[in-house]
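Participant: only geometry, no sequence info:
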């Protein structure tokens, strides 16, 4: 089955664009200076400075995940939930210290509910039979997702996104909010380390360690990024919606709500 976000060659392998070399993203500041994907076993565990390197690493990991099928996706999700559950307190404290936003009990509680995020069990195929034959619809992965994280809950958003995206068969490159980048990198590194130990996939969850507006633009224009998933404010949502790629966006989620005292 073809991947929704990638052209496929006659051999059934997702193409990487014209030419024999990897494609780099352009930006107002020029490319990031990296002209090739990382070698296997490079030891990054998903944390990169270069968008191009991260995108190629994620693409390689996506192809590895693809070979493992639904069982592999389910195993990754199991690993992510287990690692998250073992670090709720320490990661909550780390993120609170880095961002200075929120309350510790809320930070911890958001991580504690990650085990309730649905995974591959929601991938239900649709089948229809009739006089003219049988129709079967199944979901296919996009490939590599480009995603934006908010400063308000960096690690919970990353973790929930990863569970959903991996369940659908994708890899991901995150551009976190600069105020929560260390927290995102910490979680991604530990997730990838555990995934690599069990399955040999090292860069399924990629994070740009020093995110900027330029790195966001590079992600939104990179040939290997098939779709954008945004959790952030109006400006970044607007930028994603006008990037030319498909985009799933969630803007401000905490508007003021007034409930009248007579409401039942």
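Facilitator: Yes, it's here. In this text, all values refer to a predicted model and were calculated from it rather than measured experimentally.
Participant: What is the longest helix anywhere in the chain packed up against?
Facilitator: Longest helix of the chain, by residue count under DSSP state H: helix 51-86. Packed against helix 51-86 by the contact rule (3 or more C-beta pairs under 8 Å, 6 or more residues apart in numbering; DSSP states H and E) you find helix 104-112, strand 144-148, helix 154-167, strand 171-175, helix 181-199, strand 205-208, helix 213-221. C-beta: built from backbone N, CA, C; applies to glycine.
Participant: in that helix, what counts as buried?
Facilitator: Neighbour-count burial for helix 51-86, counted by 16 or more other C-beta atoms under 10 Å, picks out 51-62, 64-66, 68, 72-77, 79-81, 83-84.
Participant: And for stretch 204-223?
Facilitator: Within stretch 204-223, the residues that qualify as buried are 204-209, 211, 214-223, counting by 16+ other C-beta under 10 Å.
Participant: I'd like the distance between residue 234 and residue 158.
Facilitator: 21 Å (C-beta to C-beta, to the nearest Å).
Participant: the more surrounded of these two?
Facilitator: residue 158 (27 against 10; other C-beta atoms under 10 Å).
Participant: Quick check, the more buried one in contact with residue 176.
Facilitator: Yes - the pair residue 158 / residue 176 is scored as a contact, 7.5 Å apart, by C-beta atoms under 8 Å.
Participant: any common contacting residues for those two?
Facilitator: Common neighbours of residue 158 and residue 176, using C-beta atoms under 8 Å, 6 or more residues apart in numbering, are 149, 184, 207.
Participant: Could you count how many residues lie near the first one?
Facilitator: When neighbours are counted by other C-beta under 10 Å, residue 149 registers 26.
Participant: could you list every residue that touches it?
Facilitator: The contact partners of residue 149, by C-beta under 8 Å, 6+ apart, come to 157, 158, 174, 175, 176, 177, 180, 184, 231, 232.
Participant: will you turn those into TSV that also has pLDDT and distance to residue 105?
Facilitator: Converted to TSV, these look like this (pLDDT from 0 to 100; distance: C-beta to C-beta, whole Å):
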residue	pLDDT	distance to residue 105
157	97	18
158	98	20
174	98	25
175	97	28
176	97	23
177	96	22
180	97	18
184	98	21
231	93	22
232	87	24
